[in-house]
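1. My questions concern the predicted model and sequence given below.
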Protein chains: 2
Amino acid sequence: MTDHDYAGPDMRFRRLRKKGSRDFALACDIIDAARICHVGFSLGQQPYVLPMAHARDGESLLLHGSIASRLMKSLADGLNCCVTVTHLDGLVVARSAFNSSMHYRSVMIFGRATALTGLDDKKRALNILTEHLIPGRLTEIRASTRKELNATTVLVLPIREFTVKVSDAPPDDAAADLDAAVWAGVIPFALKAGTPQAAPDMNIQIPLPAYLAKNRFK
Amino acid sequence: MTDHDYAGPDMRFRRLRKKGSRDFALACDIIDAARICHVGFSLGQQPYVLPMAHARDGESLLLHGSIASRLMKSLADGLNCCVTVTHLDGLVVARSAFNSSMHYRSVMIFGRATALTGLDDKKRALNILTEHLIPGRLTEIRASTRKELNATTVLVLPIREFTVKVSDAPPDDAAADLDAAVWAGVIPFALKAGTPQAAPDMNIQIPLPAYLAKNRFK
């Protein structure tokens, strides 16, 4: 397929218009607050949606995987993709099932990824990924080896065509339901880190570093 | 496109073979432990990945949305789709960035959805959705009206073609890294409910029902 064939994604906000936005800073906040995204693409007539780790490098999203991965090869070949980052922030418990919904923040990024080729570029991108996924980790671990860099595909997707949706309002019930003797409100949800579990094969007894304490993960 | 053109998804486990499974009971556990999924499909050459609420009815996944939604219309028209349910369960903090990864549980379901047409079928399916999303809620709220049922599309996707991936092992470091003076292990993650927030427009002061207490949400 050539660029000429590609009309681009349809990003009109048909439904829930009030929730839609193209605010880049807001998109970055949502992306940066997440560690995984869902990457969608089609091979032939079949769509696939895969969870992947991500990080942001300025105006680009970084993804990485094994050079042996069919997904990474397909994406690096310039398949159109859609990458969605979603936070489920709560349940909106309205007086009716019909008006019940969810609090969420979501970004959909449309485009085509390209694979980094230079070792220095890959090293830099993988460091950004590590530091995003486990903040503080880079100070402690050894550098990636050339062999490791060669075994890893790093994809860069521009955050250029995107939509943002945020739902954070209280229940919006029909007037006729407002006097019902039924509790209404929001049950907030958040992804929380638990107590770190040391690896069973740790030869040297090393205390948990401060940057890995569970309250450091957001 | 006719059925004849559709070869079905490629579900071979190329990478991470040890993590792959087609265990239906395991798939159900993963689906039932989640409230949102990511629905992928293509319109023309453009993939879309949208977060949606879901519930399971036996061997089918239920999705719902407004009859005005383009997504729901496209899916009801029999577009091939991929629905992925993912739990991020933790960060695997290995001695090297290369061997660091994540704990996760994920199900990918492939197929085509059909829309329910009968009001009784829709009512039953929406009740299953409500009870899955907010367990206990059905006992307290009014029934859906005919108008609400007519305004809602309910899609049914068979959980027939699917793959399951579970990653729950400790770090698997290279032998040469095992003596490094670096902490290794797993930082567990879980989606947790917080303190319920009453709606500002609650006319009658009603105490929080027991089924909405934050420790009831898993």
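-> Looks like it arrived, so ask away.
2. How many residues are close by A:Pro9?
-> Using other C-beta atoms under 10 Å in any protein chain shown, A:Pro9 has 21 other residues around it. Any C-beta I mention is one placed from the backbone N, CA and C, and that applies to glycine too.
3. oh sorry, the question was meant for A:Gln205
-> Other residues lying near A:Gln205 total 7 when counted by other C-beta under 10 Å.
4. Quickly note the distance from A:Ala198 to A:Cys82.
-> Noted for A:Ala198: a distance of 38 Å to A:Cys82, by C-beta to C-beta, to the nearest Å.
5. Neighbour count: those two, which is higher?
-> In this view A:Ala198 and A:Cys82 are compared by other C-beta under 10 Å, and A:Cys82 has more residues nearby, 28 against 17.
6. Parallel or antiparallel, which strands does the helix or strand harbouring that one pair with?
-> According to DSSP states H and E, A:Cys82 maps onto strand A:80-93. Applying DSSP bridges to the sheet, strand A:80-93 is found paired with strand A:36-43 (antiparallel), strand A:101-112 (antiparallel), strand A:185-193 (antiparallel).
7. Give me the longest helix you can find in chain A.
-> Scanning chain A for the helix with the most residues, using DSSP state H, yields helix A:119-133.
8. angle of it against strand B:101-112?
-> If you take axes from the mean of the first three to the mean of the last three C-alpha atoms, to 10 degrees, helix A:119-133 sits at 90 degrees to strand B:101-112.
9. per-residue confidence averaged over the next helix or strand after helix A:119-133?
-> Next along the chain after helix A:119-133, taking DSSP H and E as the criterion, comes helix A:146-150. Here helix A:146-150 scores 96 as its mean pLDDT.
10. and helix A:146-150, how far from the chain's centre?
-> On the basis of C-alpha atoms, centre = their mean, to the nearest Å, helix A:146-150 sits 25 Å off its chain's mean C-alpha point.
11. Just the pLDDT for the spatially most distant residue from the centre of chain A.
-> What lies farthest from the middle of chain A is A:Asp179; by C-alpha atoms, centre = their mean that is 40.0 Å. With respect to pLDDT, A:Asp179 scores 89.
12. Check the gap between it and chain B for me.
-> 6 Å (C-beta to the nearest C-beta, to the nearest Å).
13. give me phi/psi at the closest residue to that residue other than its chain neighbours?
-> Nearest-residue entry for A:Asp179: B:Asn203, 5.7 Å, with adjacent residues in sequence omitted and distances by C-beta to C-beta, 6 or more residues apart in numbering or on different chains. Taking degrees, to the nearest 10, you get phi -70, psi -40 for the backbone angles of B:Asn203.
14. that older thread, need the strands paired with strand A:80-93 in a markdown table with mean neighbour count and mean pLDDT, can you?
-> Output for the strands paired with strand A:80-93, formatted as a markdown table (neighbours: other C-beta atoms under 10 Å in any protein chain shown; pLDDT from 0 to 100):
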| stretch | mean neighbour count | mean pLDDT |
| --- | --- | --- |
| strand A:36-43 | 23 | 96 |
| strand A:101-112 | 22 | 97 |
| strand A:185-193 | 19 | 97 |
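15. what about stretch A:90-107, start to end distance?
-> 17 Å (C-alpha to C-alpha, to the nearest Å).
16. if you average pLDDT over stretch A:71-79, what comes out?
-> Averaging the model's pLDDT scores along stretch A:71-79 yields 90.
17. how about low-confidence regions in chain A?
-> A:1-8, A:10-20 (pLDDT under 70).
18. Recalculate using a threshold of 80.
-> Within chain A, the stretches falling below the threshold (pLDDT under 80) are A:1-21, A:203-205.
19. Can you give me every residue that contacts A:Asp173?
-> Taking C-beta atoms under 8 Å, 6 or more residues apart in numbering or on different chains as the contact definition, A:Asp173 lies against A:Ala94, A:Arg95, A:Ser96, A:Asn99, A:Ala184, B:Ala199, B:Asp201.
20. and the residue farthest from the centre of chain A, what element?
-> A:Asp179 belongs to no helix or strand, assigned by DSSP H and E.
21. any idea how far B:Leu43 is from it?
-> Distance of A:Asp179 to B:Leu43, computed by C-beta to C-beta: 43 Å.
22. What of A:His38?
-> 17 Å.
23. A:Ala181 in helix, strand or coil?
-> On the three-state scheme (DSSP: H, G, I helix; E, B strand; the rest coil), A:Ala181 is labelled coil.
24. Quick one: residues contacting it.
-> Applying C-beta under 8 Å, 6+ apart, we find A:Ala181 in contact with B:Ile204, B:Ile206.
25. Please repeat the previous calculation with a cut-off of 6 Å.
-> B:Ile204 (C-beta atoms under 6 Å, 6 or more residues apart in numbering or on different chains).
26. and what of A:Asn127?
-> A:Leu138.
27. A:Pro200 too?
-> The contact partners of A:Pro200, by C-beta under 6 Å, 6+ apart, come to B:Pro170.
28. any idea how far it is from B:Asp172?
-> In terms of C-beta to C-beta, A:Pro200 sits 11 Å off from B:Asp172.
29. got it, and A:Ala151?
-> A:Ala151 is 15 Å from B:Asp172, where distance means C-beta to C-beta.
30. Tell me how many other residues crowd A:Thr114.
-> For A:Thr114, the count of nearby residues is 16 (other C-beta under 10 Å).
31. Indicate each strand paired with the helix or strand encompassing A:Lys165 and its parallel or antiparallel sense.
-> Under the criterion DSSP H and E, the helix or strand holding A:Lys165 is strand A:161-167. In the sheet, strand A:161-167 lines up against strand A:20-21 (antiparallel), strand A:101-112 (antiparallel) (DSSP bridges).
32. I'd like to know which of those lies nearest to A:Ala53.
-> Between A:Ala53 and the strands paired with strand A:161-167, the tightest spacing by C-beta to C-beta is seen for strand A:101-112, at 15.1 Å.
33. next helix or strand past the closest one?
-> Assigned by DSSP H and E, the successor of strand A:101-112 is strand A:114-115.
34. can you list contacts of that following strand?
-> Here strand A:114-115 has contacts from A:Ala76, A:Thr153, A:Leu155, A:Val156, using C-beta under 6 Å, 6+ apart.
35. taking the residues you listed one by one, which sit in strands?
-> A:Thr153, A:Leu155, A:Val156 (DSSP state E).
36. Surely the second one is in contact with A:Ala113?
-> Yes. Under the criterion of C-beta atoms under 6 Å, A:Leu155 lies in contact with A:Ala113, with a separation of 4.0 Å.
37. Next, show the common contact partners of the two.
-> Shared contacts of A:Leu155 and A:Ala113, counting by C-beta under 6 Å, 6+ apart, come down to A:Leu75.
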